[in-house]
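Novice: pasting a predicted model and its sequence here:
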Amino acid sequence: MNAISQDLIDKASRGDIKAFEEIYKGTSGFVYNVALRVARSTTSADDITQDVFMKVYKNLSKFNYRSSLKTWIYRITVNTAINYQKAEAKHTDRRADYDTVIQSAHAEERVRDNVTKGDEKERLSLFLETLTPEQRACIVLKEIEGLKYREIADALKINVNTVRSRLKRARRNLLVFAGKR
Amino acid sequence: MNCEKIQDLLITDYIDGEANEKTRRMITDHLAACDKCRVFEKTVQEKVVKPFKGAQKETPPEFIWHRVRRGIVEDGKPAPRKAWFVLKPAFATALVAMAIFAIIIVSGRLTKDRNGVDIYITDQIEFLIEPGSSSDSDSSGQGLGTAIEIFLLS
């Protein structure tokens, strides 16, 4: 993301759509990727991305420069994606525990199949399915977006040790499902 | 440091480049001497780090911007910027308290000054009615007023 100037942010916050489009172009990439990995479907990622940018547009005047614009937008994205996923789980009328157990069990079987088939992309997607939304968000921000622990902590409004412990648990889960050699 | 703590560091700070120089040296020294942790480190690289190395970043489809734009045009008015003089409640309360305090102090000064004004007025009145002054009554005490009035009226 190229640095977005304060001038551009001010213009967009006053309703300048062209200025907001520049912000969209500079940030939609990471918003979409985080939404896609946390929500695990392209349809959901489309809806989440649209929702995130509507929130950004409506609240840009309240952005107070205490964090960077990127951190602020990451935070909106992760919260929106996690809430979206939880709402979807409720709407399908399945208990979360049951859903997680079943999904994890299926994911485990599919991971083992795909380990032999060597489909890296599919395997990665299935790995992520075995994690909680919070763990998934940390892994995605670290592994795919390349953020440092401090940046992840700021984006998720948690402390660095919580980032560390979520990553540790997520990676231990990955080791279990991938099967240690 | 025991193997469990080393492995915790291997699976977090070490592979993420967050370990400081001292911690890195401690881990590499331990790996040089411990087969179990060396195998663990290799497994972590293979099963945890490598799968993400090739992770592709997707580009959002174009229609998303069109949807966002339409949403903005239809009903997405940005929240108005707060006026500079809109104060937070705590700050507003403090400002009001200071204003009241200032009013009390100023009115206290005015009261003092009012005494000074009263004294001045009293002095002037006394000066005006002082015996021998032109404002005094005539010797008969009939109170005809100033000397010129006495002259004109007698």
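Specialist: Cool, got the structure.
Novice: from here on, contacts and neighbour counts on C-alpha atoms
Specialist: Noted.
Novice: for chain A, which segments count as helices?
Specialist: Here chain A has its helices, by DSSP state H, at A:6-13, A:17-39, A:42-59, A:69-91, A:96-117, A:120-129, A:133-139, A:149-156, A:160-178.
Novice: what's the most buried one of these?
Specialist: Among the helices of chain A, ranked by average contacts under mean count of other C-alpha atoms under 10 Å in any protein chain shown, first place goes to helix A:133-139 (a mean of 23).
Novice: and that one, anywhere near chain B?
Specialist: No: judged by C-alpha under 8 Å from any C-alpha of the partner chain, helix A:133-139 stays clear of chain B, getting no closer than 9.7 Å.
Novice: and that helix, what does it pack onto?
Specialist: Under the contact definition 3 or more C-alpha pairs under 8 Å, 6 or more residues apart in numbering or on different chains; DSSP states H and E, helix A:133-139 sits against helix A:17-39, helix A:69-91, helix A:160-178.
Novice: the residue nearest the centre of chain A and chain B, how far apart?
Specialist: By C-alpha atoms, centre = their mean, chain A has its centre lying nearest to residue A:34, at 3.4 Å. As for residue A:34, its distance to chain B is 10 Å (criterion: C-alpha to the nearest C-alpha, to the nearest Å).
Novice: residue A:80 is in contact with that residue, correct?
Specialist: No: at 10.5 Å, residue A:34 does not count as touching residue A:80 under the criterion of C-alpha atoms under 8 Å.
Novice: and residue A:27, what's its pLDDT?
Specialist: On pLDDT, residue A:27 comes in at 95.
Novice: that one against residue A:70, yeah?
Specialist: Yes: with contact defined as C-alpha under 8 Å, residue A:27 and residue A:70 form a contacting pair (7.4 Å).
Novice: ok, the residue of chain A found nearest chain B to residue B:45 distance?
Specialist: Residue nearest to chain B within chain A (C-alpha to the nearest C-alpha): residue A:58, separated by 4.1 Å. Distance, residue A:58 to residue B:45, by C-alpha to C-alpha, to the nearest Å: 43 Å.
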